[in-house]
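Trainee: show me the folded form of this:
(one chain, ligands or ions: 1)
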Amino acid sequence: MAIKFRKYFIDLKRHLFLRIDETPGNCPYCSRRFLADDLYCSRCGEKKPEERRNRFVIDAVFDFFSEITHLDNKFALTLMWLFFRPGLVTRAHFLGVKSKVLKSITILALSLTFFYQFFPNVTLFHTGFNEMATAFQRKSWTTSNVFRFNIAKAAEKKSLAINKSVEEVIVATETRAQYAANIFLWILLPVWAFTIRGALKDVRPYYIDHIIFAASLFGTYLLFWLLITLVIFGLKIDTSISPVATLWITLGFAVFTILSVKNAFLVDWSKAMLKGSAVAISLFILVVLFRQLITIISFEMVRS
Ligand SMILES: [Zn+2]
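Mentor: Predicted coordinates:
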C-alpha cells in the first residue's frame, strides 16, 4: 500500500516536470531508443512518432474524429462490450486487464453523470411524492407503494403541525429525497453485491469481485435505461409506461443479467439462469424498497 502511494507521487513529479526528448529516434516521453520495427515504446507505451510533413487540414479533422471514435480506445471498446457482449468487461476485470477497458467504478460514475446530464430532475432513485400518493389511492397492490403509506394525508397533518403549506412540505420532501438518493445509492450497490455474493461465492469467493460485477452491471442498466428513455419515449420521462412495455423491458433486463452472469463467472446455462434470475430479482426488490424508504424517511425528516 505505502509503496503504491510512493510510486504514485514519484510518477506525479515525473509527469509534472517532464521534458520532451527531441532526439530523433528516441521516445519523446521516456527517452528510450526505438528499435527499427517498434510501433510503440516498449517502456512507456508511447506511439513511435511518424515523420512530420505538411498535411491537409482535413487530415487533422479526420484525426480528431478518429481519436474520439477510435474503436481501439478504452471508452469505445468498453461501451461496445457493455452493450453487445454482456459480462465480458467484468471478466476482463477479473483477469486483471487494465489498459483496454474502463474500471467498473468509472463506468458507474460516467453513466450516472450522463443520466443526470439528460434528466436532472428525474425521480430515478426515489419515489416521487405524487407517484406514492396516487399508488396509495389505487386499490390494487403496486410496486410504487409497498408500505401502503398514506403520504398525502400525512402531509396534510404535517403541514398543520409545522405551520407550512402542503405544497411547501412536498417540495421540501422532494428536495431532501433527491439529495439523499444520490448519496445512499452508494450504499445500495454494496448491499446488492452482498446478495450477488450469496449466489456466486462458490464460483468467485472475493467480495470485491461481486462489487466490481455489481458496479459494471448497474452502470450498464443505467445506460440502457437512458437509451430506452431517449429513443422510445421521446424525452418524456413523466408519461407512464404501458404495462406491456414494462414487461418487455423487465424481461430484457433479466435476460441481460443472465448473460452477464454466464460470461463474467463462466458458469453453465442452468446455473446462469438460476443465479442470474436471483441477481436480477434481488436488485429489483432492493430498488423498490430503496426508492420508497428514501421518500418516506425524507418526508419524516422534514421539520419547520
Ligand atoms: Zn517511452
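
Trainee: tell me which helix or strand comes right after the lowest-mean-pLDDT helix or strand in the chain.
Mentor: Sorted by mean pLDDT, DSSP states H and E, the helices and strands of the chain end with helix 57-69, the least confident at a mean of 79. Going down the chain from helix 57-69, the next helix or strand is helix 74-84, by DSSP states H and E.

Trainee: for the residue in the stretch 201-304 of the chain positioned nearest to the ion, what are its contacts?
Mentor: Scanning the stretch 201-304 of the chain for proximity to the ion using CB to the ion identifies Ile212 as nearest, at 30.4 Å. Where C-beta positions appear, they are placed from N, C-alpha and C, glycine not excepted. Shown in contact with Ile212 (CB atoms under 8 Å, 6 or more residues apart in numbering): Thr90, His93, Phe94, Ser104.

Trainee: columns distance to Ala199 and pLDDT on top of the residues you listed, output as CSV?
Mentor: Output for the contacts of Ile212, formatted as CSV (distance: CB to CB, whole Å; pLDDT from 0 to 100):
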residue, distance to Ala199, pLDDT
Thr90, 14, 94
His93, 18, 94
Phe94, 16, 93
Ser104, 18, 91
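
Trainee: for the helix or strand that contains Val279, what is the average pLDDT?
Mentor: In the assignment (DSSP H and E), Val279 maps to helix 269-301. Mean pLDDT, helix 269-301: 93.

Trainee: try stretch 194-202
Mentor: Rounded mean pLDDT across stretch 194-202 is 94.

Trainee: and that stretch, what's buried?
Mentor: Using 16 or more other CB atoms under 10 Å as the test for burial, stretch 194-202 gives Thr195, Ile196, Arg197, Ala199, Leu200.

Trainee: what's that stretch in contact with?
Mentor: Contacts for stretch 194-202 (CB under 8 Å, 6+ apart): 207, 210, 213-214, 261, 265, 267, 275, 278-279, 282-283, 286.
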